[in-house]
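>>> Model the following, please.
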Amino acid sequence: MLFLLLLAIPVAEIAVFVQVGSLIGVGATLLLVLASAVFGIWLVRTQGFAAATRVQAMIAQGESPALGMLEGLALLAAGVLLLIPGFVTDLAAFVLLIPPLRRGIIRFYLGRARLVGSVTHHSHGTPGTDKPGSTPLEGKSRRED
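Below you'll find the model as predicted:
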């Protein structure tokens, strides 16, 4: 499946290049591809900084930064797609640059992903805290020398 995708993308890019080139000319087509790459890289850079700021805010609030990190990964993928010359890859990159579409793609992927993991409960040596649901003892301490 991946092989077919890797074969189909360049073929689609060539077909779209020929169509667009016949409509607006070769020079304008090349200028359009260059302009979309420059604009796209600028967008990735600005949204990348925004994503990094969101991840830092999530960490500061004690939330899991997983979704923010996945958005950063999607922005990186958009940047790579923008570096590949062509209209099909640029279109895919710009889809990833639109925040609601990017989040929808991430949610779709997470819904289809098979996540495997384990949860480990760590005891800190305090009796009674190695049972799930138990609360650790709280109190004040003072050091006397």
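
>>> Please state the offset of the helix or strand encompassing residue 56 from the chain centre?
Assigning secondary structure by DSSP states H and E places residue 56 in helix 26-60. The chain centre lies 13 Å from the centre of helix 26-60; the measure is Cα atoms, centre = their mean, to the nearest Å.

>>> elements contacting the helix or strand just after it?
Using DSSP H and E, the next helix or strand after helix 26-60 towards the C-terminus is helix 66-83. Helix 66-83 sits against helix 26-60, helix 87-97, helix 99-112, with contacts defined as 3 or more Cβ pairs under 8 Å, 6 or more residues apart in numbering; DSSP states H and E. Any C-beta I mention is one placed from the backbone N, CA and C, and that applies to glycine too.

>>> List the buried residues of the helix holding residue 56.
29, 33, 36-37, 40, 43-44, 47-48, 51, 54-55, 58 (16 or more other Cβ atoms under 10 Å).

>>> what's the farthest-apart pair in those residues?
Distances among these were taken as Cβ to Cβ; the most separated pair is 29 and 58, at 41.9 Å.
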